[in-house]
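Q: Pasting the sequence and the predicted coordinates here, then a few questions.
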Amino acid sequence: NGTLINKTKNRHGRKTGGISVRPHVSRLAQLRKRGFVVGIYSSATLKTCKKAVAKLLDHIRWGDECANGASAGSRLAPEGSSEKKSSSSISISESGESRGEAGDFFQYLLHREFCELAPGIAGAMWDTVKPLGRYVADLNKCILFDDDEYKVLESEKNHHVLVPEWNGETADDTLTCLVESTLKHIPSSGDKDV
């Protein structure tokens, strides 16, 4: 929550379960086309991650404007994606590899069970950190884009890019900048195990 999506809040500040997708998330497809392996590492529950991934896939598949309800006009849907799939069609192996529809884009979906409890690190008893090295074959070929610096282990800070937290603003081009910068400065290894 805050890097690719935002769980919406009601007027009392409580999260309602609604998920908004950060503008330009469809640009992530450019990374896949250039051979990058794309995954998600979230401290959210598997249930929340499945809902978020379903929304993200809609934006990637149909384009951000169409997924937000704008007219598709003459845009054609990608082959084999004429019907929307529910989050229940997303499955995860014990190692965090995505299967089914999610695995076609996000090779990994690491959720709360893949995090390590770190009570109080950011002020709450349920705080977690993300031990990336446990689940990645070669940490030197991996970058974690996250909006929380405290969730990264000290020994893995060189593999972290701090992304500004997204709070639902529509005029946000962070993902465009991130994808363009990644493609310009970091060559893809094309390795499947990264």
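A: Here it is on my side, so go on. This structure is a prediction, so every number in the text was calculated from the model and none was measured. Numbers count the residues shown, from 1 in each chain.
Q: where does the protein have low pLDDT?
A: Counting by pLDDT under 70, the ranges of the chain that qualify are 8-17, 65-90, 189-194.
Q: where does the residue positioned nearest the centre of it fall, helix, sheet strand or coil?
A: With distances taken as C-alpha atoms, centre = their mean, the chain has residue 40 as the residue nearest its mean C-alpha position (4.3 Å). Assigned with DSSP: H, G, I helix; E, B strand; the rest coil, residue 40 falls in the strand class.
Q: List the contacts of the residue lying closest to residue 173 once chain neighbours are set aside.
A: Among residues not flanking residue 173 along the chain, residue 24 sits closest, at 6.4 Å (C-beta to C-beta, 6 or more residues apart in numbering). From N, CA and C alone the C-beta is placed, and that goes for glycine too. Contacts of residue 24 were listed using C-beta atoms under 8 Å, 6 or more residues apart in numbering, and they are 64, 172-176, 179.
Q: where does residue 24 sit relative to residue 30, distance-wise?
A: 10 Å (C-beta to C-beta, to the nearest Å).
Q: Name the residues contacting each of the two.
A: Taking C-beta under 8 Å, 6+ apart as the contact rule, the neighbours common to residue 24 and residue 30 are residue 179.
Q: In helices, which of the contacts of residue 24 fall?
A: Members of the contacts of residue 24 lying in helices (criterion: DSSP state H): 64, 174-176, 179.
Q: Let me see the contact set for the residue nearest to the centre of the chain.
A: Contacts for residue 40 (C-beta under 8 Å, 6+ apart) come out as 4, 49, 52-53, 106, 108-110.
Q: Could you report the distance from it to residue 2?
A: 13 Å.
Q: Kindly list the longest helix within the chain.
A: Taking DSSP H as the criterion, the chain has its longest helix at helix 46-62.
Q: Off-centre distance for it?
A: 9 Å (C-alpha atoms, centre = their mean, to the nearest Å).
Q: cool, and stretch 143-151?
A: 12 Å.
Q: Start and end of it, how far apart?
A: 14 Å (C-alpha to C-alpha, to the nearest Å).
Q: hmm, who's touching that stretch?
A: 2-3, 41, 43, 115, 118, 121-122, 127-130, 132, 152, 156, 159-166, 178, 182, 186.
Q: Could you rerun that using 7 Å?
A: Residues outside stretch 143-151 that contact it (C-beta atoms under 7 Å, 6 or more residues apart in numbering): 2-3, 41, 43, 121-122, 128-130, 132, 152, 159-165, 178.
Q: Could you pick out the buried ones from the residues you listed?
A: Buried by 16 or more other C-beta atoms under 10 Å: 3, 41, 43, 128-130, 132, 152, 159-160, 163, 178, out of these.
Q: What would the longest helix of the chain look like as CSV? C-alpha coordinates only.
A: In CSV, the C-alpha atoms belonging to helix 46-62 read as follows (Å, rounded to 0.1, in the frame of the first residue of the first chain):
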residue,chain,number,x,y,z
LEU,A,46,-2.6,-12.9,0.9
LYS,A,47,-6.3,-11.9,0.6
THR,A,48,-5.5,-8.2,0.1
CYS,A,49,-2.6,-9.0,-2.3
LYS,A,50,-4.9,-11.1,-4.5
LYS,A,51,-7.4,-8.3,-4.7
ALA,A,52,-4.6,-5.8,-5.5
VAL,A,53,-3.0,-8.0,-8.1
ALA,A,54,-6.4,-8.5,-9.9
LYS,A,55,-6.8,-4.7,-10.1
LEU,A,56,-3.1,-4.2,-11.2
LEU,A,57,-3.6,-6.9,-13.9
ASP,A,58,-6.7,-5.1,-15.2
HIS,A,59,-4.7,-1.9,-15.6
ILE,A,60,-1.7,-3.6,-17.2
ARG,A,61,-4.0,-5.6,-19.6
TRP,A,62,-6.4,-2.9,-20.6
